[in-house]
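Visitor: Test case, fold it:
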Amino acid sequence: MPALRAELAHPWRVSREEAAAIQRRLATHVALRALPSDGPGAPELAAGVDAGYTKDGTQAWAAAVVMDRRFSVVAANVVHGEPDSPYAPGYLAFREGRLTLEALLGLDVAPDLVFLDGHGVVHERGLGLASHVGVLLAIPTIGVPKTPFHAIDHAPGPHRGDYYVLTKEWGAQGASIRLKAHSKPVYVSPGHLVDLDSAIALALAWSSGRHRVPEPLSAAHTMSVRRRNAAAGVGSRQHPPSASG
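Guide: Next up, the predicted model:
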């Protein structure tokens, strides 16, 4: 199973100033490097993690689902708890990061790659949810949120695999990419131990074209919502967009 880097562990219920300082410190540990999408060295198991919230936002169910290259589920784990803070742009990790880690740490197999519904290095302090989790677990991560970190002036082409690169003013890069033809794009950004070219290729390799997001992340979203609905008896997923995660 994954393991937490104890030397980098930190409290989650902190002030915004303390959270920003933690993000800046952990951002210095982010490393971006090539990770093949197929062949030798490519991930054999990939996880997706997503959280479903009650309508009032006071309870959350974080689901981690691990799939093999055929998109068969080989492990899953769901944890339930209270978010550590209200949603605020740029601080998604301090809302659902602890539950996300608990879901991953409770898996009985260790994934080689994790997809998250939150940004990676395309973040004002260089540490969105995907980068935060990747650094703490020392595992390759990719952010694949449905909402961009900033305004988008045009969309990629209509076909699966069409994308264009977005560069922030401080140099961080992500990509608007269409993983399902004629569907809305998602916004891939490197989290940790993956560079942008690899993140784009891996997002495509781990998607079937049937969903907007990679298959492990789609399965995690479905599982979190089903558990939330079964426990709380409410409707669709209810939490603010993770555009600034």
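Visitor: elements contacting the helix or strand bottoming out on mean pLDDT in the chain?
Guide: Lowest mean confidence among the helices and strands of the chain (mean pLDDT, DSSP states H and E): strand 163-167, at a mean of 90. In terms of contacts (3 or more CB pairs under 8 Å, 6 or more residues apart in numbering; DSSP states H and E), strand 163-167 is packed against strand 173-177. (Glycine included, C-beta is placed from N, CA and C.)
Visitor: between the least confident helix or strand of the chain and strand 173-177, how big is the angle?
Guide: Calculated by axes from the mean of the first three to the mean of the last three CA atoms, to 10 degrees, strand 163-167 forms an angle of 150 degrees with strand 173-177.
Visitor: Return the set of buried residues in strand 163-167.
Guide: Y163, L166 (16 or more other CB atoms under 10 Å).
Visitor: Use 24 as the first number for this chain going forward.
Guide: Renumbered: residue one is now 24, and that last one reads strand 186-190.
Visitor: That one pairs with which strands, and in what direction?
Guide: Within its sheet, and counting by DSSP bridges, strand 186-190 is paired with strand 196-200 (antiparallel).
Visitor: List every C-alpha atom in the helix or strand just after the strand it pairs with, with coordinates, as CSV.
Guide: Once the chain leaves strand 196-200, the next helix or strand it forms, by DSSP states H and E, is strand 209-215. Output of strand 209-215 as CSV, limited to C-alpha atoms (Å, rounded to 0.1, in the frame of the first residue of the first chain):
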residue,chain,number,x,y,z
VAL,A,209,-10.6,18.7,-18.9
TYR,A,210,-7.5,20.4,-17.6
VAL,A,211,-4.5,18.2,-17.1
SER,A,212,-1.6,19.4,-15.1
PRO,A,213,1.5,17.5,-13.7
GLY,A,214,1.2,16.8,-10.0
HIS,A,215,4.5,15.1,-9.0
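Visitor: Contacts made by the least confident helix or strand of the chain with the rest, please.
Guide: Contacting residues not belonging to strand 186-190 are listed as 145, 171, 173, 175, 177, 179, 196-201, 208, 210-211, 219, 223 [CB atoms under 8 Å, 6 or more residues apart in numbering].
Visitor: which residues of this structure fall in strands?
Guide: For the chain, the strands defined by DSSP state E occupy 69-76, 83-90, 96-104, 136-139, 164-166, 186-190, 196-200, 209-215.
Visitor: wait, which of the ones you listed is closest to G149?
Guide: strand 209-215 (10.7 Å; CB to CB).
Visitor: how far out from the middle of the chain is the closest one?
Guide: Relative to the centre of its chain, strand 209-215 is centred 8 Å away, using CA atoms, centre = their mean, to the nearest Å.
Visitor: Also stretch 207-224?
Guide: The mean C-alpha position of stretch 207-224 is separated from the chain mean by 10 Å, CA atoms, centre = their mean.
Visitor: picking up where we left off before, can I get the strands of the chain in JSON lines including distance to A153?
Guide: Output for these, formatted as JSON lines (distance: least, CB to CB, whole Å):
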{"stretch": "strand 69-76", "distance to A153": "10"}
{"stretch": "strand 83-90", "distance to A153": "14"}
{"stretch": "strand 96-104", "distance to A153": "18"}
{"stretch": "strand 136-139", "distance to A153": "4"}
{"stretch": "strand 164-166", "distance to A153": "3"}
{"stretch": "strand 186-190", "distance to A153": "15"}
{"stretch": "strand 196-200", "distance to A153": "10"}
{"stretch": "strand 209-215", "distance to A153": "3"}
